[in-house]
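[1] The sequence isn't on hand, but the structure is:
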């Protein structure tokens with residue numbers, strides 16, 4: 001059993017996968033899209049990864065505004081969530097992704113990744129932060145119930 005984390009953007013979808021014990025998240029790929037409204041190929045690629053990694057649940061970044069309101073990107077993510085659930089049959093959890101892209105960019109800056117190369121990895125790292133936040137939440141929740 002593994003959980004998939006997704007950072008859904010207008011041109012890319014960052015993908016991360018948990019380890020089988022649900023302790024850590026690893027970024028695995030970035031799905032690049034030619035057009036924002038064309039999702040068939042994106043969904044097909046996600047389905048292939050679901051089968052390959054034996055995914056049982058998906059965590060999708062929910063891009064709330066800093067004041068916790070929902071804007072246009074959050075509405076698009078909610079629509080993508082519904083499409084994912086219909087297409088895969090898996091539960092999809094929306095997870096607050098505020099500042100994950102900032103954290104991903106900061107991490108790459110500290111690692112010495114050149115500015116022009118950061119955009120190539122930022123969505124994958126953001127997906128990892130989204131998924132790791134959710135895994136940590138699950139672990140804390142389990143600890144409280146023990």
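    Received, thanks. Just so you know, these numbers come straight off a predicted model, no measurement behind them.

[2] Now the residue nearest to residue 63 when sequence neighbours are not counted. Its backbone dihedrals?
    The shortest distance from residue 63 to any non-neighbouring residue, by CB to CB, 6 or more residues apart in numbering, is to residue 73 (4.4 Å). C-beta coordinates here come from the backbone N, C-alpha and C atoms, glycine included. Residue 73 adopts backbone torsions of phi -60, psi -40, taken as degrees, to the nearest 10.

[3] Please apply the same query to residue 93.
    Residue 93 adopts backbone torsions of phi -100, psi 130, taken as degrees, to the nearest 10.

[4] Run through the residues that contact it.
    Neighbouring residues of residue 93 by CB atoms under 8 Å, 6 or more residues apart in numbering: 57-60, 134.

[5] Type out the PyMOL command that picks the buried ones from those.
    Here is the PyMOL command that selects the buried residues among the contacts of residue 93 (16 or more other CB atoms under 10 Å):
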select buried, resi 57+58+59+60+134
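
[6] Tell me where the model's unsure across the protein.
    Of all residues in the chain, those with pLDDT under 70 make up the ranges 36, 64-71, 98-105, 107-109, 111-121, 145-146.

[7] Please, where are all the strands along it?
    With DSSP state E as the definition, the chain shows strands at residue ranges 2-8, 12-18, 25-32, 55-62, 92-96.

[8] Tabulate those strands in CSV, adding columns for distance to residue 139.
    Compiled in CSV, those are given as follows (distance: least, CB to CB, whole Å):
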stretch, distance to residue 139
strand 2-8, 12
strand 12-18, 11
strand 25-32, 12
strand 55-62, 14
strand 92-96, 14
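
[9] Of all the ones you listed, which one comes closest to residue 41?
    For the strands of the chain, distance to residue 41 was read as CB to CB. The smallest value, 8.3 Å, belongs to strand 25-32.

[10] ok, the closest one: who's next to it in the sheet?
    Listed by DSSP bridges, the sheet partners of strand 25-32 and their directions read strand 12-18 (antiparallel).
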